[in-house]
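A.B. asks: Structure of the sequence below:
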Amino acid sequence: MARSILRVVQLACLLAVGFVLCSVEASQGDVDQHYRTCVKECQSTAIIGSNIISHCQSPQNNSIPAGNSWYTQEALYTQWKQLNCMTDCRYYCMMQREEERQSGGLSPVKYHGKWPFIRVSVFQEPLSAALSALNLLMHFTGWLSFFLLVNYRLPVRPQTKRTYYEYTGLWHIYAILSMNAWFWSSIFHTRDIDLTEKLDYSSAVALLGYSLILSLLRTFNVKDEATRVMFAAPILAFVTTHILYLNFYDLDYGWNMKVCIAMGVVQLLAWAIWAGVTHHPSRFKLWMVVFGGALAMLLEVYDFPPYKGYADAHSLWHASTIPLTYLWWSFIKDDAEFRTSTVVKKAK
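C.D. replies: Presented below is the predicted three-dimensional model:
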């Protein structure tokens, strides 16, 4: 059984790698010469069309001369509350360029990896920000119910008071990484600056990489700590390298998307095949999550511009993960009950 699962997962890995090695393209909008010229002129003149960018006239946005202390720069809370010169210029130049493209009969394009959205107050992508917060809440309630189940409702080992479920600690780590990822997703969709962008992308990659490790450990029923390290080490090395690449070399949106989809495809296939081969009692819940996750992933692959400037494919993906998260944690709790009952029966 294990060999058959391993062969399918290896095939999935090969397909995923082939998918990732496809051509990588930058966002079309930010390489547009008209857009780049507009941003440069806006930063120097603080004027774009009829809009005067007040932040570009503020001395805080100018370069700090050598020798000046770091505390002379704009306070962090002010940077968060107000849109700075670079962000304002990018936004107004993007909207101006999109008006020009629309008048010329051209379709919208992405800028810096994102579609042109209409702001609502400080929320740059209000719908995605709200849905990210809801996903965070769903993961918190799911993890809390799992914590109460394994620690207070299911039997524990009498000598050590530890749970019989061998994957309890791994799921706790998964919950922390999930809540961290959705927290930074909410912040990033509220306020897109370099720091929040890198934290959002890095957190998502870390979550996907750990989810891949956890899926392999559970599907292959790996319980020995040394074997777990052997499974995790190469994936951790790749994920760490990828995060360092994004943060310190090149934040390539196309490449990152392909890496994330590849990791997602492999773990979805691993879960789906394992559920069918092992006849897990909650396999139908797992299949629903896998099928729904695969359909949701299509929203990331076959992206489309935001409807009325608010709802794009990515925001719909955020919406689709809310019910999937509920089902997912329901399966995790079922798996904890199933494994606990199995281990207790063997111990008697």
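A.B. asks: can you give me the helices for the stretch 1-150 of the chain?
C.D. replies: Per DSSP state H, counting those that start in this stretch, the stretch 1-150 of the chain has helices spanning 2-20, 33-45, 54-57, 76-81, 85-103, 126-148. These are given in chain order.
A.B. asks: List every C-alpha atom in the fifth one, with coordinates, as PDB.
C.D. replies: I take that to be helix 85-103. Output in PDB follows, covering the C-alpha atoms of helix 85-103 (Å, rounded to 0.1, in the frame of the first residue of the first chain):
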ATOM      1  CA  CYS A  85       4.400  58.900  -1.700                       C
ATOM      2  CA  MET A  86       5.300  55.700  -3.500                       C
ATOM      3  CA  THR A  87       2.000  54.000  -2.800                       C
ATOM      4  CA  ASP A  88      -0.100  57.100  -3.800                       C
ATOM      5  CA  CYS A  89       1.800  57.500  -7.000                       C
ATOM      6  CA  ARG A  90       1.500  53.900  -7.900                       C
ATOM      7  CA  TYR A  91      -2.200  53.900  -7.200                       C
ATOM      8  CA  TYR A  92      -3.100  57.100  -9.200                       C
ATOM      9  CA  CYS A  93      -0.800  56.200 -12.100                       C
ATOM     10  CA  MET A  94      -2.300  52.700 -12.200                       C
ATOM     11  CA  MET A  95      -5.900  54.100 -12.300                       C
ATOM     12  CA  GLN A  96      -4.900  56.700 -14.900                       C
ATOM     13  CA  ARG A  97      -3.200  54.100 -17.100                       C
ATOM     14  CA  GLU A  98      -6.200  51.800 -16.800                       C
ATOM     15  CA  GLU A  99      -8.500  54.600 -17.900                       C
ATOM     16  CA  GLU A 100      -6.300  55.100 -20.900                       C
ATOM     17  CA  ARG A 101      -6.300  51.300 -21.700                       C
ATOM     18  CA  GLN A 102     -10.000  51.100 -21.300                       C
ATOM     19  CA  SER A 103     -10.600  54.000 -23.700                       C
END
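A.B. asks: Now do stretch 108-117, average pLDDT.
C.D. replies: The predicted model gives stretch 108-117 an average pLDDT of 86.
A.B. asks: before we move on, what about stretch 302-310?
C.D. replies: 86.
A.B. asks: Show me the contact partners of it.
C.D. replies: When contacts are defined by CB atoms under 8 Å, 6 or more residues apart in numbering, stretch 302-310 is touched by residues 107-108, 115-118, 126-127, 312-315. Placement of C-beta: from N, CA and C, glycine included.
A.B. asks: again, 10 Å this time
C.D. replies: Contacts of stretch 302-310 with the rest of the structure, by CB atoms under 10 Å, 6 or more residues apart in numbering, involve 95, 98, 107-110, 114-120, 125-128, 257, 311-317.
A.B. asks: Ok, stretch 90-98 next?
C.D. replies: Defining contact as CB under 10 Å, 6+ apart, one finds that stretch 90-98 is touched by 29-30, 32, 34-43, 47-51, 53, 83, 106-112, 114-119, 124, 192, 305, 309.
A.B. asks: I'd like the list of those that fall within strands, please.
C.D. replies: In strands, defined here by DSSP state E, the members of the contacts of stretch 90-98 are 47-48, 51.
A.B. asks: Make a ChimeraX selection of the buried ones in the residues you listed.
C.D. replies: Below is the selection syntax for ChimeraX that covers the buried ones among the ones in strands among the contacts of stretch 90-98, with 16 or more other CB atoms under 10 Å defining burial:
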select :48,51
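A.B. asks: Turn the ones in strands among the contacts of stretch 90-98 into JSON lines, including pLDDT.
C.D. replies: Shown next, in JSON lines, are the ones in strands among the contacts of stretch 90-98 (pLDDT from 0 to 100):
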{"residue": "47", "pLDDT": "85"}
{"residue": "48", "pLDDT": "83"}
{"residue": "51", "pLDDT": "78"}
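A.B. asks: This completes my enquiry, with thanks.
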